[in-house]
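# Got a predicted structure plus its sequence, pasted below:
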Amino acid sequence: MYKYINNVTNIAKEIMVKKIKLGNVVVDATVGNGHDTILLAELVGQEGKVYGFDIQETAINNTNQKIAENSLTERVYLIKDSHENIDQYISELVDLVIFNLGYLPGGSHDIVTKAESTVIALEKSLELLKDNGMLLITTYVGHNEGKIEDKRIKEYLLSLNQKKFNVLKYEFINQINNPPILYCVEKNKLIT
Ligand SMILES: C[S@@+](CC[C@H](N)C(=O)[O-])C[C@H]1O[C@@H](n2cnc3c(N)ncnc32)[C@H](O)[C@@H]1O
């Protein structure tokens, strides 16, 4: 439990801790330095499964090493490919998908998530979610590419049927320098 509500990373973590149960199947759509992947692997336990995607070899290799050091290898499947191809690798329904967008901290700022592929990945992820499953998306509006990506994501999320999805936006409105934004999407059973 975090001490202060002062950044969206903590809020996303708190949601994952509350939401994820032992045995769940979850996806880290942007593995990066592997912090979320490790947390997810701990939360799903021995019977659970974590799929992780990243387009960068370094991200996959470094995270593989951390997973091995934490004896979590058997429940984690790391895939070096774009998350827009998620449907080619996952053929079961999942409980949660997390997207921490932008570039790899400490890595090249040229390798960054892009609006077009991100929205495709979001559409496919919503298809893969179980009823009551959840999507968490952190966008970084402090850089240009991130602003464009956030705008496209927001447009897409605004178009979702409210009977089928609960969509919540967490945004710090009094922090300087365009802090990241967190979107949380919960899939409902369709009530007709
Ligand atoms: C902000 S970092 C993720 C941080 C990570 N969640 C952590 O806990 O350390 C964003 C990552 O997205 C990756 N990425 C960029 N485009 C991608 C794509 N199309 N599919 C999957 N990963 C992508 C980058 O290589 C980078 O490692």
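Ah, there it is. These figures come from a predicted structure and were not determined experimentally. Residues are numbered from 1 along each chain as shown.

# Taking this structure, what residue is nearest to the ligand?
Residue of the chain nearest the ligand, by Cβ to the nearest ligand atom: Gly32 (2.6 Å). Heads up, the C-betas are built off the backbone N, CA and C, glycines and all.

# How about the secondary structure of that residue?
Under DSSP: H, G, I helix; E, B strand; the rest coil, the three-state class of Gly32 is coil.

# so what's it up against?
54, 59, 63, 100, 104-105 (Cβ atoms under 8 Å, 6 or more residues apart in numbering).

# Then Leu129?
Contacts for Leu129 were tallied using Cβ under 8 Å, 6+ apart; they are 93-97, 135, 187.

# quick one: contacts of stretch 180-191?
Contact partners of stretch 180-191, identified using Cβ under 8 Å, 6+ apart, comprise 7-9, 11-12, 15, 126, 129-142, 150, 153-154, 157, 160-161, 163-171.

# got the buried residues for the longest strand along the chain?
Ordering each strand of the chain by length in residues (DSSP state E) puts strand 129-139 first. Residues of strand 129-139 classed as buried: 129, 133-139 (neighbour count, 16 or more other Cβ atoms under 10 Å).

# pLDDT weak spots in this protein?
Where the chain drops to pLDDT under 70, the residues are 1, 190-192.

# Which helix or strand contains the spatially most central residue of the chain?
Nearest to the mean C-alpha position of the chain, by Cα atoms, centre = their mean, lies Ile98 at 1.5 Å. Assigned by DSSP states H and E, Ile98 belongs to strand 94-100.

# neighbouring strands for that strand, and are they parallel or not?
strand 25-28 (parallel), strand 129-139 (parallel) (DSSP bridges).

# mind putting those strands in TSV, distance to the ligand included?
TSV is the format used below for the strands paired with strand 94-100 (distance: least, Cβ to the nearest ligand atom, whole Å):
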stretch	distance to the ligand
strand 25-28	6
strand 129-139	8
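
# out of those, nearest to Thr37?
Smallest distance to Thr37 across those (Cβ to Cβ): 4.6 Å, for strand 25-28.

# close to the ligand, is the next helix-or-strand element following that closest one?
If you walk from strand 25-28 toward the C-terminus, the next helix or strand you reach (DSSP H and E) is helix 35-44. Yes - applying Cβ under 6 Å from any ligand atom, one finds helix 35-44 in contact with the ligand at 35-36.
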